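[1] What follows is a protein structure lacking sequence information:
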DNA sequence: TCTGGGGTCCTAGGACCC
DNA sequence: TCTGGGGTCCTAGGACCC
């Protein structure tokens, strides 16, 4: 019998911001998306004020002033560092662990019931306590026989359903208790059921988790897909989704950003595309892959339908796959030059590396130089090593430019408390 | 003034093959 | 009344997740 736990940090980004600034205790805090665009995380106090997830920040300015909401630009180095610490702590409780997102991990707890006199529920409480004591973060733990049920249990733990206090263990609940619990939760809360599918299910008379649980898997497969069929089976306790301890190599790598201000000139777009490619290529090499195709996209602001609109996406297959920033950048800029049209206010650009494959199994090309270019590989290794030691962008391609007027806005960035010596918090006796 | 970024998987439909 | 059957590959689009 499989047993999974899902451990999920509460209000993760907002909690990270609060951790290192005691003045924020008890205050509403929100974290904004790139470019300070919209709200991506809210503290409990901000949620209580009714700040919706995903709301454009400029629409909330008045409320924020009135209520004293503190807003932060996304500080990913800080969140990533805290995330790594969280995973480290969780790893002490369970070696079989899947890092599902920056603030969520699945644990395979099969065979762990004897680790605590109170069984897995007690083990879950122990996990919560240690994360709180060691990191200052609050997590909820959901336990169930499948990943989908562990996710659902985690939802119950967060909402305090079924008397849960941060830990919700479906395994210790009776069928009757589960049935009445499932009756209270709408189907849209289930992992894998988004807005569209929830609406279609409702048309079929399926509104609650209970009703989805009771639905006929074959009918669900016929009307939706094999994915939703698996969800139904998982709700019934049949484990269809395995723990993925090793993250599989990415099949595509994207890097794109909205600009801090509109961009009109080709020269500036070239800098942006060059920079994004620098970042994407670095990620590509980090997973020891090469790319077989390059895609570039540019667009104006779709939220301004009255302004002239233009958007293009173009892809080029490469003669031979590569991970060399110079080569990838050259192809990307060629695409950009072809699709650029003057006279538009560009708002966003991006690059995507596709047809990724392991560096070790590259197919040579009959007509060009050998696929493995040792000079290029050595150069890229040196580039990555220098940037790893001295910081990203220390050594970069000249295509990235110097001034970067198009860079995103980050008006209220908190210090890199845990990743930069200059920003380490100081405690002073008064 | 102002609206994120980065992924995955599945399906449908068309082209083409024997 | 009755228009073959079975496959692959590719692309676009849609849905989901955090």
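    Received the coordinates, thanks. This is a predicted model, so every value here is computed, not measured.
[2] out of everything not next to it in sequence, what's closest to residue A:312?
    residue A:339 (4.1 Å; Cβ to Cβ, 6 or more residues apart in numbering). Any C-beta I mention is one placed from the backbone N, CA and C, and that applies to glycine too.
[3] How about the residues of the stretch 51-200 of chain A by DNA strand B?
    Neighbours of DNA strand B within the stretch 51-200 of chain A, by Cβ under 7 Å from any atom of the strand: A:54, A:56, A:57, A:58, A:61.
[4] Bridged to the closest residue to the first one other than its chain neighbours, which residues?
    With sequence-adjacent residues excluded and distances taken as Cβ to Cβ, 6+ apart, residue A:54 is closest to residue A:38, at 5.5 Å. Applying DSSP bridges to residue A:38 gives these bridge partners: residue A:56.
[5] Which secondary structure state does residue A:429 sit in?
    Under DSSP: H, G, I helix; E, B strand; the rest coil, the three-state class of residue A:429 is coil.
[6] Count the neighbours of it for me.
    Per other Cβ atoms under 10 Å, the neighbour tally for residue A:429 reads 3.
[7] One more: residue A:140?
    24.
[8] Run through who's touching the helix or strand harbouring it.
    Assignment of secondary structure by DSSP states H and E places residue A:140 within strand A:139-144. For strand A:139-144, the external contacting residues (Cβ atoms under 8 Å, 6 or more residues apart in numbering) are A:3-10, A:86, A:109, A:120-121, A:124-125, A:127-128, A:131-132, A:149-158, A:166-171.
[9] again, but for stretch A:9-19
    If you take Cβ under 8 Å, 6+ apart as the criterion, stretch A:9-19 is touched by A:24-25, A:29-31, A:40-44, A:46-47, A:70, A:72, A:74-75, A:78-79, A:82-83, A:86, A:102-104, A:131, A:136-140, A:158, A:414, A:417.
[10] and those residues, which are buried?
    A:24, A:29-31, A:40-43, A:46, A:70, A:72, A:74-75, A:78-79, A:82-83, A:86, A:102-104, A:131, A:137, A:139-140, A:158, A:414, A:417 (16 or more other Cβ atoms under 10 Å).
[11] Just the closest residue of chain A to DNA strand C, please.
    Closest residue of chain A to DNA strand C, Cβ to the nearest atom of the strand: residue A:194 (2.3 Å).
[12] Quick one: residues contacting residue A:305.
    Applying Cβ under 8 Å, 6+ apart to residue A:305 gives no contacts.
[13] next one: phi and psi at it?
    Main-chain dihedrals, residue A:305, degrees, to the nearest 10: phi -60, psi -20.
[14] mind checking pLDDT for it?
    Looking at residue A:305, its pLDDT stands at 79.
[15] now swap in residue A:65 and tell me
    93.
[16] What's the local residue count around it?
    Residues within reach of residue A:65, counting by other Cβ under 10 Å, total 9.
[17] And the next helix or strand past the helix or strand encompassing it?
    Here residue A:65 is covered by helix A:61-67, with elements defined by DSSP H and E. Downstream of helix A:61-67, the next assigned helix or strand under DSSP H and E is strand A:70-73.
[18] Direction included, what does that next one pair against?
    In the sheet, strand A:70-73 lines up against strand A:29-32 (parallel) (DSSP bridges).
[19] centre of the chain versus the partner strand, how much separation?
    16 Å (Cα atoms, centre = their mean, to the nearest Å).
[20] again, but for stretch A:267-286
    20 Å.
[21] How about it and DNA strand B, touching?
    Yes - interface with DNA strand B: stretch A:267-286 contributes residue A:283 (Cβ under 7 Å from any atom of the strand).
[22] And that stretch, what's buried?
    A:268-282, A:284-285.
[23] I'd like the next helix or strand past the helix or strand containing residue A:275.
    Assessed by DSSP H and E, residue A:275 sits inside helix A:266-286. Sequence-wise, the next helix or strand downstream of helix A:266-286 (DSSP H and E) is strand A:289-300.
[24] which helices and strands does the helix or strand following that following strand pack with?
    Later in the chain than strand A:289-300, the nearest helix or strand by DSSP H and E is strand A:311-322. Strand A:311-322 is packed against strand A:289-300, helix A:325-339, with contacts defined by 3 or more Cβ pairs under 8 Å, 6 or more residues apart in numbering; DSSP states H and E.
[25] Neighbouring strands - and their directions - for strand A:311-322?
    Checking strand A:311-322 against DSSP bridges gives partners strand A:289-300 (antiparallel).
[26] Is any residue of the strand it pairs with near DNA strand B?
    No - if you take Cβ under 7 Å from any atom of the strand as the test, strand A:289-300 misses DNA strand B, and the best it gets is 10.0 Å.
[27] and the helices and strands packed on strand A:311-322 as CSV, adding mean neighbour count, mean pLDDT and distance to residue A:378?
    Below are these laid out as CSV (neighbours: other Cβ atoms under 10 Å; pLDDT from 0 to 100; distance: least, Cβ to Cβ, whole Å):
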stretch, mean neighbour count, mean pLDDT, distance to residue A:378
strand A:289-300, 22, 90, 15
helix A:325-339, 19, 93, 13
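[28] Mind putting those into TSV with distance to residue A:308?
    Output for the helices and strands packed on strand A:311-322, formatted as TSV (distance: least, Cβ to Cβ, whole Å):
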stretch	distance to residue A:308
strand A:289-300	7
helix A:325-339	15
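[29] Quick check: which of the contacts of stretch A:9-19 are also close to DNA strand C?
    Okay, of these touching DNA strand C (Cβ under 7 Å from any atom of the strand), that's A:102, A:103, A:104.
[30] what residues does chain A put near DNA strand C?
    Along chain A, the residues adjacent to DNA strand C under the rule Cβ under 7 Å from any atom of the strand are A:100-104, A:151, A:191-198.
[31] can you pull out the strands in the stretch 101-250 of chain A?
    Counting by DSSP state E, counting those that start in this stretch, the stretch 101-250 of chain A has strands at residues A:104-108, A:139-144, A:167-169.
[32] Run me through the strand neighbours of the shortest one, direction for each.
    Read that as strand A:167-169. strand A:139-144 (parallel).
[33] Measure how far the strand it pairs with is from the centre of its chain, please.
    20 Å.
[34] what pLDDT, on average, does that strand get?
    97.
[35] Just the angle for it relative to strand A:104-108, thanks.
    40 degrees (axes from the mean of the first three to the mean of the last three Cα atoms, to 10 degrees).
[36] ok, the residue nearest to residue A:312 - contacts?
    A:296, A:298, A:312, A:314.
[37] How about residue A:274?
    Residue A:274 touches A:329, A:332, A:333, A:397, A:399, A:400, A:401, counting by Cβ under 8 Å, 6+ apart.
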